[in-house]
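1. Need a 3D model of the following:
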Amino acid sequence: MVDYSKSWSRKQWTRRTEGVFKNIIDVLREGKTLPKGFIIPTDVVSEAFDLIVDPAEYTAPKGIAVTKVFSVCIHARQNWAGTVALSQSNNLCGGATVTLDDASVTVSAQTPKNCTYMRLSLPSNCPAGGYKITVTGVSGSIIRTFEVEIGVGVPPDEEEEPKPCTSDDDCKKYGDDWWCVGGECKKACGTASSNCNSDYCAEGEKCIWNAGAGKCLCEKQGMTLTCPSEIQILPGQGKMAYGYLTIASVNGFAGSGNIIVYDSHQPDQSPSSCLAAWFQYGGQIGNIIPVTLPADGSIQIYIAVSGSCDSEQTHYFGVELSVGGKTAACIVTVKVKGCDGETVKGYISYINKCGCCIDPSQGAACSGGCFQCCGLWNIKGLSSNKVCSGSYDVDHLWAPDPSNCYYPPVEECTFPSGMIKGETLRAYVCVSKVCMPNGPGPTCPGACPGGPTLIVRTSLGNEATITWDELKFCPPGPGTYKTMSGTWCE
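-> Prediction:
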C-alpha cells in the first residue's frame with residue numbers, strides 16, 4: 001500500500017491532516033489508484049446536544065482551601081431544541097462541595113449554545129490524590145456525561161522547557177536542522193521568508209521568518225491575557241467602575257472560545273454582597289461571553305463593576321479564558337475606597353458596525369462590515385479646566401491593516417492633577433476622517449447602513465454616548481460636546 005505520509009512534491013514526512021490530503025492528491029497526479037474503501041464517508045450527525053465542561057481538568061495545591069468555577073455548556077446539534085436537566089456526582093474528599101447554578105439549561109434555534117456555572121470548593125485538609133466530577137445532562141431519552149479530573153497536591157503537566165544552548169553544536173543532537181538562536185535550540189523550517197513551511201514544525205508551532213537568524217524557525221503559538229491589576233470603585237449605592245483586559249495572539253495563534261469572570265473570594269472571605277462584575281464587548285454583555293481571537297491580532301474587553309458597598313474594602317474577581325484549546329487566567333483586585341484622583345483613567349470605545357466601505361484616497365478596502373472613522377476626543381473638568389485627551393481610530397483602518405475587522409482596542413488617557421471633586425465632566429469627540437456614502441470627507445461606493453456609537457467613560461463610571469447622527473467634523477466644524485453622567489470623584 002502507498003505510504004500517504006510521504007509527499008510526492010517535497011519528499012518530506014508529515015503527520016498533519018492537510019499534508020496527508022496533499023499526498024493523496026499527489027498519488028492521483030501520478031495516475032495511481034487509491035485502495036478501495038480508503039475514503040470513508042462520515043456518519044450523519046443526528047439531532048441532539050453535546051455537554052461540555054470547561055476546564056476539563058483542574059489541579060489544586062495541597063493544604064490550601066480553594067474555590068474554582070467551571071462553565072457547563074449545552075451545544076445543540078443540527079436543529080435540536082429543548083431543556084436539558086443537569087446533575088453531578090463526585091468522589092471528592094470530605095468537606096468538598098460542588099454546586100450547579102442552574103438545574104437545567106435550555107437551547108433553541110435562536111440560542112443553540114447556553115451555559116451555566118459549576119462551583120467547586122475544596123477544604124484545606126483535602127488529601128492529595130486524584131478525584132473526579134461527573135456532570136450529566138438528560139433530555140428525554142438523550143443522556144450525555146462529561147468527566148472533570150480534579151487533582152490535589154499533584155503538580156500540573158509542565159510545558160517542555162526551552163532547550164538552552166551557547167552554540168549551534170549544542171543543538172545538533174536534535175538534528176541537523178536545529179540551530180542556536182537567542183540562547184535556545186530551534187528547528188529551521190525554511191531558508192527564506194518566501195518558503196517558511198510549518199509542515200516541518202511540531203503540533204502547536206508555526207514556521208516564522210527570523211531576519212536576525214536569516215532563516216525560518218519553528219515558534220510556539222499561544223496567547224497572552226493581560227488584566228488590570230486594580231479597579232477602584234467609590235463607596236455608596238449605585239456606583240460603577242470600569243477597567244479593561246487585553247487578549248493577544250502569539251505567533252499567529254487563532255481560535256474561538258469563551259471568557260468568564262467570577263467572584264474569587266479568598267478562603268477567609270465570603271462572596272461579596274455588594275459588588276458584581278461582568279464583561280462588555282461590542283454588543284455583548286455578561287459574565288461569560290464568546291470571543292474570537294484573530295491570528296497575530298488582539299482584542300480588548302471592558303470589565304464593568306457595580307457596587308453598593310457602604311465601607312472601604314478589597315475584593316477579588318477571577319477571569320478565566322479558554323480559546324482554541326489553550327487557557328489563561330488572572331485575578332482582578334477591586335478596591336472600594338474614596339477617590340484620590342491619581343489612578344482615574346479616561347476611555348473611548350464604540351459599539352455597532354456598518355456596511356463595508358472603500359476609501360479611494362487610501363486605496364484600502366475593508367471586509368466583514370468595518371467602519372472607517374477616526375478623530376480626536378477628550379474629557380474636560382468644567383471647573384478646573386483640566387483635560388484628559390487622545391485620538392481614536394475605531395477600526396485602525398488608516399494604518400496598518402485595513403483587513404482587520406475585529407472590535408478595536410480601547411483607547412485611554414490619564415487625568416492630570418488638579419481636578420476638582422464634584423465638578424461636571426464634559427466629553428468631546430470630533431471626526432477627522434470617515435468613510436461614508438455621499439458625505440463630507442472621503443466618500444465610498446455602496447451603502448454604509450447604520451453607524452458606530454462612541455462611548456466615552458472614566459474608570460469611575462462617568463459616561464457619555466455619542467451616536468453616529470450626533471458626530472460632527474473638525475475641522476472645519478466644532479465637533480460634538482456632551483455632558484457626562486455623574487460628577488468627578490462622586
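2. Which residues are in contact with residue 301?
-> 244-245, 247, 259, 279-281, 289, 291 (CB atoms under 8 Å, 6 or more residues apart in numbering). Every C-beta, even on glycine, is put in place using the N, C-alpha and C of the backbone.
3. what's the distance between it and residue 246?
-> Residue 301 sits at a distance of 8 Å from residue 246 (criterion: CB to CB, to the nearest Å).
4. Check residue 426 too.
-> Residue 426 is 28 Å from residue 246, by CB to CB.
5. Same check on residue 81?
-> Distance of residue 81 to residue 246, given as CB to CB: 36 Å.
6. likewise residue 142?
-> 40 Å.
7. now swap in residue 151 and tell me
-> 30 Å.
8. got it, and residue 193?
-> To residue 246, residue 193 is 28 Å away according to CB to CB.
9. which of those two has more neighbours?
-> Higher neighbour count among residue 193 and residue 246: residue 246, with 15 against 12, using other CB atoms under 10 Å.
10. Please verify my assumption that that one contacts residue 302.
-> No: the criterion here is CB atoms under 8 Å, and residue 246 misses it with residue 302 at 11.3 Å.
11. Relative to the helix or strand containing residue 85, what are the paired strands and their orientations?
-> In the assignment (DSSP states H and E), residue 85 maps to strand 82-90. Using DSSP bridges, the strands paired with strand 82-90 in its sheet are strand 104-107 (antiparallel), strand 129-139 (antiparallel).
12. most neighbours per residue, which of those strands?
-> strand 104-107 (a mean of 19; mean count of other CB atoms under 10 Å).
13. distance of the residue nearest to residue 417 when sequence neighbours are not counted from residue 347?
-> In this structure, residue 417 finds its nearest non-sequential neighbour in residue 341, 7.2 Å apart by CB to CB, 6 or more residues apart in numbering. Per CB to CB, residue 341 is found 16 Å from residue 347.
14. likewise residue 323?
-> Counting by CB to CB, the gap from residue 323 to residue 347 is 24 Å.
15. what does residue 102 give?
-> The gap separating residue 102 from residue 347 is 33 Å, by CB to CB.
16. Show me which of the two is the more surrounded one.
-> residue 347 (23 against 13).
17. Mind telling me what element the more buried one is part of?
-> strand 345-351.
18. Who does that strand pair with, and is each partner parallel or antiparallel?
-> strand 411-414 (antiparallel), strand 453-458 (antiparallel).
19. Relative to residue 255, which of these is closest?
-> Proximity to residue 255, assessed across those by CB to CB, is greatest for strand 411-414 (26.0 Å).
20. Now for residue 335, how many residues are close by?
-> 14.
21. Is it in a helix, a strand, or coil?
-> strand (DSSP: H, G, I helix; E, B strand; the rest coil).
22. Please list all residues in contact with it.
-> With CB under 8 Å, 6+ apart, residue 335 has these contacts: 230-233, 312-314.
23. Separate out the buried members of those.
-> 231-233, 313 (16 or more other CB atoms under 10 Å).
24. show me where the stretch 351-490 of the chain has strands.
-> Secondary structure of the stretch 351-490 of the chain (DSSP state E, counting those that start in this stretch): strands located at 358-359, 364-365, 373-381, 387-393, 411-414, 424-434, 453-458, 463-466, 480-487.
25. which one of those strands is the most hemmed in?
-> Counting by mean count of other CB under 10 Å, the most buried of the strands of the stretch 351-490 of the chain turns out to be strand 453-458, with a mean of 24.
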